[in-house]
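Visitor: need a 3D model of the sequence below.
(6 chains)
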Protein chains: 4
Amino acid sequence: MKTKAPAEPATRQRRKEARPQELLQAALELFVEKGFAATRSEEVAQRAGVSKGTLYLYYPSKEELFKAVVRQNLSNLIAEGQEMAGQFEGSSSELLGCLLQTWWDRFGSTPAAGIHKIVLAEVRNFPELAQFYTDEVILPADALFSGCVQRGIARGEFRPMPVHEVAQALIAPMIFMAVHRHSFGCCPVNGGVDIDPAAVLKTHLNLVLQGLEVRGAPA
Amino acid sequence: MKTKAPAEPATRQRRKEARPQELLQAALELFVEKGFAATRSEEVAQRAGVSKGTLYLYYPSKEELFKAVVRQNLSNLIAEGQEMAGQFEGSSSELLGCLLQTWWDRFGSTPAAGIHKIVLAEVRNFPELAQFYTDEVILPADALFSGCVQRGIARGEFRPMPVHEVAQALIAPMIFMAVHRHSFGCCPVNGGVDIDPAAVLKTHLNLVLQGLEVRGAPA
Amino acid sequence: MKTKAPAEPATRQRRKEARPQELLQAALELFVEKGFAATRSEEVAQRAGVSKGTLYLYYPSKEELFKAVVRQNLSNLIAEGQEMAGQFEGSSSELLGCLLQTWWDRFGSTPAAGIHKIVLAEVRNFPELAQFYTDEVILPADALFSGCVQRGIARGEFRPMPVHEVAQALIAPMIFMAVHRHSFGCCPVNGGVDIDPAAVLKTHLNLVLQGLEVRGAPA
Amino acid sequence: MKTKAPAEPATRQRRKEARPQELLQAALELFVEKGFAATRSEEVAQRAGVSKGTLYLYYPSKEELFKAVVRQNLSNLIAEGQEMAGQFEGSSSELLGCLLQTWWDRFGSTPAAGIHKIVLAEVRNFPELAQFYTDEVILPADALFSGCVQRGIARGEFRPMPVHEVAQALIAPMIFMAVHRHSFGCCPVNGGVDIDPAAVLKTHLNLVLQGLEVRGAPA
DNA sequence: TATGAATGAGACTTCATTCAT
DNA sequence: GATGAATGAAGTCTCATTCAT
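Guide: Model (predicted):
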């Protein structure tokens, strides 16, 4: 005798709790693919398997949905890195290498990087987003990376340099590539420059670490 | 004796010739500010001091207007750099320094960089733009920078490294900052990381040039 | 015992089912009255008691709406006539008289005839409509009428004549009047020729039937 | 030595006088081809070889241009027929045959018939046109044809019948075909009924003349 | 809660008409 | 007179959002 599949915890209930997650996932994909304006609310709902009306039960507007997507995908990224850095015991070169790798794995190669692309383009239309993003992403990231550079200088591993500027130079290629992956990287063009992010990152790290060296002293 | 002083063409005529320029200028500003979709055709016309209909006299659609803006602002930028590089006689370090500075002056610090921001975000919705931009901007830029790196290696100034990857690492921070200037750089946030592009570029160059050095040999 | 009285479906639902009908009715009236181009979409919606957007929920464009109106009003008219003709047992004169009368009742005197007026005027701008209308209306009508003429000739009731041309001559006055009714017939003019369609048809039939007679033999 | 070609009367002058004619000609063609609304003023001007502005020097609006086209092409059509009929000395059958042929040559097979198609469709949007057209075309045509029928009855050639209704039946197929020629007749459809107007007219005349005969008396 | 029919502001675009040259 | 650049009202269609069921 078929009773309503008892194996699964009441399907309706499970769906209800999963809804925000599913909606944000669908919205993430579509925003990254098409941009904010070109993504239709109904399409988000469809991809999440619900109706248009249901979307509005969870997010009062497309703008709020966008902000929620940004928050979900970009917060919490920094804490991990910070924690790792605080416990690190090896050389600062190793720390930076480790950090960049982690950063790429956790940001550059994930959909979060696609969101960054959209935020770059839309932030001037969403003033509150600028503050949020600065507080949640930009400042912590700067603190993390410039802190590591500072550590290296303090320990005599790196020559003295302006730490914020070095931090910028460190992360810029990574962000650049992360954005690229979701932009031109998705367009089938003839003869485009085929970039292997891993190779660029390795080269970049190689360059910068030698660049940071105290002259004459091997890293 | 020629009457009808040719120096000052009839007003109507003069406007007609200036119109495309004025419209592209207005469109550039608004696209950079708000993005493609969020910019209304009428707004572009207004800023150029004409009516909605006049815009369509010169560009058959908003999309074509966008493409015209891209063409005007991004093509022709590369040729100059390439020419300069070909005639350069100093060291490759000096050449790279010179090139990056020129690049920043001619691209990064101009509204053209704002267009790059938009293109990044919208290119997936404009397949033909992707090809155009790759051909006109991305490939030439790669050829220019990786050519200079190659020159340095060939002359024994730089250690052997993968040239395309180095080129990426070289230009990425600049593009990153160029985009940033038209994105978060325009948002008044409290406590934001205040980046001085010139300082970052100088630091970046400093780092990379030492990074490219043949070890043990001063630049 | 079934509760939820199925006789009266929920209001929303009932409207949804009735909408296409209501919209087609409104569109028919307005197209006949003003022509295709001069009828505004919003006006159709208003007359059907809905908003502009709702119209586009049911028909993706004004052109498709027009085609739907043509389909609804003109197809299916022929089948009946064909069936009637196939089962008819009286003389061919009676058959033609009966057919013309039916045709007038079901087409000429209904709004459907107004659509024919529009199609005549607009068909050159809608190539696919031309094919559709030829297949659905013109060819079947020709087959019906020329078939009846053929029957009369085969049975020795009518003198031998070119059947398609006779069919044209037979239906032309009716179509002429049908179109007239929705054109000049609606304009209040002073001293216009006041045509009584029934009288013209009767006279026309009278003329043609005697014209078809085998000479010397009474009908 | 080339002087301004003296053979031609000052070109500018000649053009100026020919302008209205050329504009009406261009407008006639385009209105017939595309209908009133779908014809753009500029297109009319272009086809007449003048600029948009010039069109408005001669006709204050598209609507007035339309009316002028109607007037030019449809007035003067009747007088000739009327005159011919008054002087005719043969039998009434011959007169009708002659008249229909003339009518076809002077109206059905000329662009004027195309205008009739447009007028049919647009007259409800141009109330004054209805009166004009009734006075200038419909009433005279009716008078002409019903007069001829009356003549035949009075002379004992035709059996007594309602003359106006007979007149309708007489001209309807011709108008029908005239309109058809500029409507479906211009659309390349597969399998359309291919009508030869001359054959239909001949058949029609044949039918109607026998239909008008006093029974038992050969025409 | 969930749905999806309905709304209507607003976007892009067209084109009849005007008017400075 | 002739031109054609310029205008702006008006039309088609989209889509974020609402709300009766």
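Visitor: low pLDDT regions in chain A?
Guide: Filtered on pLDDT under 70, chain A yields the residue ranges A:1-16, A:216-219.
Visitor: helix, strand or coil for the closest residue to A:Asp135 other than its chain neighbours?
Guide: Setting aside the residues directly before and after it, A:Asp135 is nearest to B:Gly191 in space (CB to CB, 6 or more residues apart in numbering or on different chains), at 7.6 Å. Using the backbone N, CA and C atoms, a C-beta is placed for each residue, glycine as well. Recorded secondary structure, B:Gly191: coil (DSSP: H, G, I helix; E, B strand; the rest coil).
Visitor: wait, doesn't A:Glu63 sit right on A:Asn125?
Guide: No. Distance between A:Glu63 and A:Asn125: 9.1 Å, which falls outside the contact criterion (CB atoms under 8 Å).
Visitor: which stretches of chain A form strands?
Guide: Defined through DSSP state E, the strands belonging to chain A form an empty list.
Visitor: for it, what lies in contact range of chain D?
Guide: Residues of chain A that fall close to chain D, judged by CB under 8 Å from any CB of the partner chain: none.
Visitor: can I see the domain layout of chain A?
Guide: For chain A, automatic domain parsing gives the domain ranges A:11-70, A:75-212.
Visitor: can you put those in JSON lines and add mean neighbour count?
Guide: Converted to JSON lines, those look like this (neighbours: other CB atoms under 10 Å in any protein chain shown):
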{"stretch": "domain A:11-70", "mean neighbour count": "17"}
{"stretch": "domain A:75-212", "mean neighbour count": "19"}
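Visitor: spell out which residues of chain A are next to DNA strand F.
Guide: Those residues of chain A that sit near DNA strand F, judged by CB under 7 Å from any atom of the strand, are A:Thr39, A:Arg40, A:Ser41, A:Glu42, A:Lys52, A:Gly53, A:Tyr56, A:Pro60, A:Ser61, A:Lys62, A:Glu63.
Visitor: cutoff 6 Å now
Guide: Residues of chain A lying close to DNA strand F by CB under 6 Å from any atom of the strand are A:Arg40, A:Ser41, A:Glu42, A:Lys52, A:Gly53, A:Tyr56, A:Ser61, A:Lys62.
Visitor: so which of those reach DNA strand E?
Guide: When CB under 6 Å from any atom of the strand is applied, the members of the residues of chain A next to DNA strand F adjacent to DNA strand E are A:Lys52, A:Gly53.
Visitor: list the contacts of A:Asn190.
Guide: Residues in contact with A:Asn190 (CB atoms under 8 Å, 6 or more residues apart in numbering or on different chains) are B:Gln131, B:Thr134.
Visitor: then A:Tyr56?
Guide: A:Ser41.
Visitor: tell me how far the residue nearest to A:Asp135 lies from D:Glu17.
Guide: Applying CB to CB, to the nearest Å, one obtains 80 Å for the distance of B:Gly191 from D:Glu17.
Visitor: go ahead and confirm A:Ser93 touches A:Glu157.
Guide: Yes. With contact taken as CB under 8 Å, A:Ser93 and A:Glu157 are classed as touching, separated by 6.6 Å.
Visitor: which helix in chain A has the most residues?
Guide: Here the longest helix in chain A is taken by residue count, with DSSP state H as the criterion, and it is helix A:11-34.
Visitor: chain center to it: distance?
Guide: Its chain's average C-alpha position is 18 Å from that of helix A:11-34, according to CA atoms, centre = their mean, to the nearest Å.
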